[in-house]
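Asker: output the structure for:
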Amino acid sequence: MSRKQMALFGFLGFVGLAMLTGAVAILFPRRIVSDRILGSLVLIGLYALGIMLVMTFGGRMRWVRRGCVAGFVVSLILFLVGIWFERVLEWRWENYIWVSGAIALTIGSCFSHLLFIWPIKPTQLSSSAIRWAALLMGLFTAGVVLVGFVQEGFGYWGRMHIRIMGMSAIVTAGTTIATIAIAMFAPKPGEDEPGLIGSAIQVSMTCPRCGSATKAVADRESRCTGCRLKIRVEVEEPRCACGYSLYQLESNVCPECGRSVADEDRWVKTLAVDSDC
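Answerer: Just a heads-up that it's a prediction; the model follows:
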């Protein structure tokens, strides 16, 4: 059984346990399921959902994704310790646990924000400015929150600090939503222009795992004839930043916008092989 399957079965098992516990808590309030157990299950469920989204849509920024998951896991553990041992801990240690958990959660959230915004590559100058504003304001908001936790503790911030954090959070949320909306709904360069190469073309290649000669169909999942490795070949026509197709372009200047075109962007096909073991 692979790690992904183990993670999937573990997550589904926890969802089933949480559903059962929630039903018991509704039918028998405070008789069988205590508030600590119910709160812990809700907390774990929220964190599990967040980690699952990060692992699913986190892209290929491996170290950023690991930092995000580490921050979430550490904060979850500290919050659970605070919930279950609040009666036996002194106030100083209890506050230290909650503050540390909040700091770890802030760091994980900052990494997750970077994980989703950084891979977006807008083509227009205004869209790029909004993306950079989202990234910088996200870091600034995280810094303001961390300074508040480190210097003033948990829940003892001054009015000015709260106002600065609130304004930066609003700007971060607005620019982040705008960046994602532009990436999802804005027209892509050249998307209305039909391609010249075509997508369903045969590509001859050597399997990167077993070295067998194999063939794949562009923009579709194929498998090696020798070791059954899953292979996906993407064929993309070279295009200018304005969207004009540069395939078989003889000039070194884009006829649409006048930008200079490098030699490697003309008369070539860009192949990207993504294999999944």
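
Asker: which ones are touching Ile120?
Answerer: Arg131, Thr179, Ile180, Ala183 (CB atoms under 8 Å, 6 or more residues apart in numbering). (Glycine included, C-beta is placed from N, CA and C.)

Asker: what's the helix or strand for it?
Answerer: Counting by DSSP states H and E, no helix or strand carries Ile120.

Asker: going forward, begin numbering at 24 instead of 1
Answerer: All set: I'll call the first residue 24, so the last point we hit is now Ile143.

Asker: show the pLDDT at it.
Answerer: pLDDT, Ile143: 85.

Asker: give me the distance between it and Gly39.
Answerer: Computed with CB to CB, to the nearest Å, the distance linking Ile143 and Gly39 is 36 Å.

Asker: same check, this time on Ala127
Answerer: The spacing between Ala127 and Gly39, counted by CB to CB, is 28 Å.

Asker: neighbour count for the two, which is higher?
Answerer: With other CB atoms under 10 Å as the criterion, Ala127 and Gly39 differ in neighbour count, and Ala127 comes out ahead with 20 against 10.

Asker: now the helices for the stretch 24-173 of the chain?
Answerer: Remark: helices assigned in the stretch 24-173 of the chain by DSSP state H, counting those that start in this stretch are 26-50, 58-80, 85-107, 114-140, 148-175.

Asker: just the buried residues of the longest one, please?
Answerer: Applying a neighbour-count criterion of 16 or more other CB atoms under 10 Å, one finds 150, 153-154, 156-158, 160-161, 163-165, 167-168, 171-172 buried in helix 148-175.

Asker: returning to what we had before: what two of the contacts of Ile143 are the furthest from one another?
Answerer: Taking every pair in these and measuring CB to CB, the maximum separation is 9.7 Å, between Arg154 and Ile203.

Asker: what do the two both touch?
Answerer: Jointly contacting Arg154 and Ile203 under the rule CB under 8 Å, 6+ apart are Ile140, Ile143.

Asker: for Ile67, see how far away the closest residue to Glu109 other than its chain neighbours is.
Answerer: Leaving aside its chain neighbours, Glu109 sits nearest to Glu117 (5.8 Å; criterion: CB to CB, 6 or more residues apart in numbering). Glu117 sits 20 Å away from Ile67, going by CB to CB.

Asker: would you mind measuring from Lys238 to Glu244?
Answerer: Applying CB to CB to Lys238 and Glu244 gives a distance of 13 Å.

Asker: try Leu35
Answerer: When CB to CB is applied, the distance between Leu35 and Glu244 equals 25 Å.

Asker: likewise Gly131?
Answerer: Look at Gly131 and Glu244: by CB to CB, they are 33 Å apart.

Asker: thinking again about what came up before, and the buried residues of helix 148-175, which is closest to Ser123?
Answerer: Sorting the buried residues of helix 148-175 by how near they are to Ser123, with CB to CB, puts Phe172 at the top with 8.6 Å.

Asker: ends of stretch 261-278, what's the gap?
Answerer: Stretch 261-278 has its terminal residues 14 Å apart, counting by CA to CA, to the nearest Å.

Asker: follow-up on the earlier one: what's the closest of the contacts of Ile143 to Phe95?
Answerer: Once CB to CB is applied, the member of the contacts of Ile143 that ends up nearest Phe95 is Ile203, at 20.7 Å.

Asker: and that closest one, backbone torsions?
Answerer: Phi and psi for Ile203, reported as degrees, to the nearest 10, are phi -70, psi -40.

Asker: residues contacting it?
Answerer: When the contact criterion is CB under 8 Å, 6+ apart, the partners of Ile203 are Phe139, Ile140, Ile143.

Asker: now tabulate those in a markdown table and tack on distance to Phe95.
Answerer: Below are these laid out as a markdown table (distance: CB to CB, whole Å):
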| residue | distance to Phe95 |
| --- | --- |
| Phe139 | 14 |
| Ile140 | 18 |
| Ile143 | 22 |
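
Asker: where does pLDDT dip in the stretch 24-173 of the chain?
Answerer: The stretch 24-173 of the chain contains residues with pLDDT under 70 at 24-28, 30-31, 34, 37, 48, 51-56, 81-82.

Asker: any idea how far Ala204 lies from Ser150?
Answerer: Counting by CB to CB, the gap from Ala204 to Ser150 is 10 Å.

Asker: ok, Glu244 touching Glu257?
Answerer: No - counting by CB atoms under 8 Å, Glu244 sits too far from Glu257 to count as a contact (11.0 Å).

Asker: I'm done for today, thanks for sticking with me.
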